[in-house]
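Participant: Turn this into a structure:
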Amino acid sequence: MAGEKTALEPSVYRAILASMGEGITFLDRNDCFAYINAAAEKIRGIREEDYLGRHILSIFSTHPRHISERVQNLLAALKSGALPFHTHVIKSRGKVFENSYYPIRDNRENYIGALMVSRDITEKELLKEENLVLREQVFSEFDCGELIGKSGAMLPVFKIITAAAVVDSTILICGESGTGKELVARAIHQHSLRKDNPMIKVNCAALPESLLESELFGHEKGAFTGALKERKGKFEQAHGGTIFLDEIAEMPLAAQAKLLRVLQERTIERLGGNREIRVDVRIIAATNRDLRREVEEGRFREDLFYRLNVIPIQLPPLRERQDDILPLAQQFLNRFAERMHKPVMEISKEAKNAMLSYNYPGNVRELENAVERSVALSLGGELKLEDLPSEFTVARSAPASPPTSGSASLADSVHSLERNVIEDALRTTGNRKGEAAKLLGISRKTLWEKLKQLELE
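Facilitator: Now for the predicted structure:
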């Protein structure tokens, strides 16, 4: 009848166990072998008839004593209920096996034996090792100054750098302030065919609009008041090499139009001149802004954006690179200890935990500044929690409460935290914005923008 349960014969259960791909071994309540399926025979390289009825410890008679003691303790823990299950990986005869142990109990919770399940994971482990080797190869090729990392978030970045370095295509590097955009540009240049020629950096935000075109394209004698002689611009200086246009979103629209012509024709005209000068440069641009939004709002030329965005590289913020925080901190620590003539230092467990718990609004630059400050103030051979900037210890000792209904939104909470940290930095530095920006690990321009956003100006 429908709904009735059909009880399977014991022979059916044995057939099911025998056909399984996993190795199934069962020990009775006295720890003697009671069942071994064909897969277990193959995986373990044994024959069922040689083991049935034998106590499990008898097979370890030729092994070191600690192995039999470990097995005995494991079975005791399974019997008592102290251990609900146990899994460990072993290597044997060139293979890798994952062995899992489960206590089996009857309907009265009485222990009746232990089930051992063996799986051959050799292929899985080999693939894992191959991935690690490939990742290490990529990282070792581009271990350039602070541009290090073994986190999953950085792997795509290193892959793109590997591919992009050997071609001449224009590159657009995007990411928050302090994520290492200039380091990426230098890594690309140093591993390119142009590495023996100059890499010229232009900070588009640091130059006033009246000087930017002269700085980029040069000028002829008499082009403007004070132009007493001709001067080569950055593009001519970078001939045969790379020009790095940092903070490209700050470039005024008039200069953007001239840059577009350089990208299209590979020629420049100096201010006050009328002759075209051919330049052979590889252009790498960087920004901490969303250029697509800048295009939509009319602050950046759409045609220039597409000319720059040939090979985009998106740098992750440090908070998404958890595995890289301590290696970076140790590298900064070694560098500053040597520079300040201090002994080789270690990072205390408490300081490590604080570093890993911090959110890093200033990214890698903020971590670098924090370590430099800590090394300068440390009096011993260990970087301690109290050596770190106050925002590290405050964030650790007073974690944010989880939001509840009616509480502030995530954006409001972030703005509130930013406001508190910036106000604290300004108080610490006597309202000196340059010093406050350095303390926060951000540029003066970024601090100025945040002050406007938070209405602290």
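
Participant: how close does R319 get to L385?
Facilitator: Distance of R319 to L385, given as CB to CB, to the nearest Å: 20 Å. C-beta here means a position set from N, CA and C on the backbone, and glycine is covered the same way.

Participant: Apologies, that question was intended for L451.
Facilitator: Applying CB to CB to L451 and L385 gives a distance of 30 Å.

Participant: So which residues of the protein form strands?
Facilitator: 23-28, 33-36, 86-92, 95-105, 111-120, 171-174, 199-203, 242-246, 267-268, 277-278, 282-287, 311-314, 346-347, 382-383 (DSSP state E).

Participant: Which one of the ones you listed lies nearest to A376?
Facilitator: Closest of the strands of the chain to A376 is strand 382-383, at 10.9 Å (criterion: CB to CB).

Participant: about what we covered before: which stretch in the strands of the chain is the model least sure about?
Facilitator: Ranked by mean pLDDT, those bottom out at strand 86-92, with a mean of 80.

Participant: on contacts alone, who are the packing partners of it?
Facilitator: Here strand 86-92 touches helix 65-80, strand 95-105, going by 3 or more CB pairs under 8 Å, 6 or more residues apart in numbering; DSSP states H and E.

Participant: Need the winner for burial among the ones you listed.
Facilitator: Most buried of those, by mean neighbour count (mean count of other CB atoms under 10 Å): strand 95-105, with a mean of 16.

Participant: chain center to it, what's the gap?
Facilitator: 34 Å (CA atoms, centre = their mean, to the nearest Å).

Participant: Relative to that strand, what are the paired strands and their orientations?
Facilitator: strand 86-92 (antiparallel), strand 111-120 (antiparallel) (DSSP bridges).

Participant: Could you work out which of those strands reaches nearest to D196?
Facilitator: Relative to D196, the nearest member of the strands paired with strand 95-105 by CB to CB is strand 86-92, separated by 47.7 Å.

Participant: Angles on the backbone of the residue nearest in space to the middle of the chain, please.
Facilitator: The residue lying closest to the centre of the chain (CA atoms, centre = their mean) is R321, at 3.0 Å. Backbone geometry at R321, expressed as degrees, to the nearest 10, gives phi -120, psi 50.

Participant: contacting residues for V71?
Facilitator: Shown in contact with V71 (CB atoms under 8 Å, 6 or more residues apart in numbering): 56-57, 60.

Participant: can you rerun that using 10 Å?
Facilitator: Applying CB atoms under 10 Å, 6 or more residues apart in numbering to V71 gives the contacts 31, 56-57, 59-60, 63, 101.

Participant: now the residues you listed: which count as buried?
Facilitator: Buried members of the contacts of V71, scored by 16 or more other CB atoms under 10 Å, are 31, 56-57, 59-60, 101.

Participant: which of those residues lies closest to A227?
Facilitator: Proximity of those to A227 was ranked by CB to CB; the top entry is Y101 with 83.2 Å.
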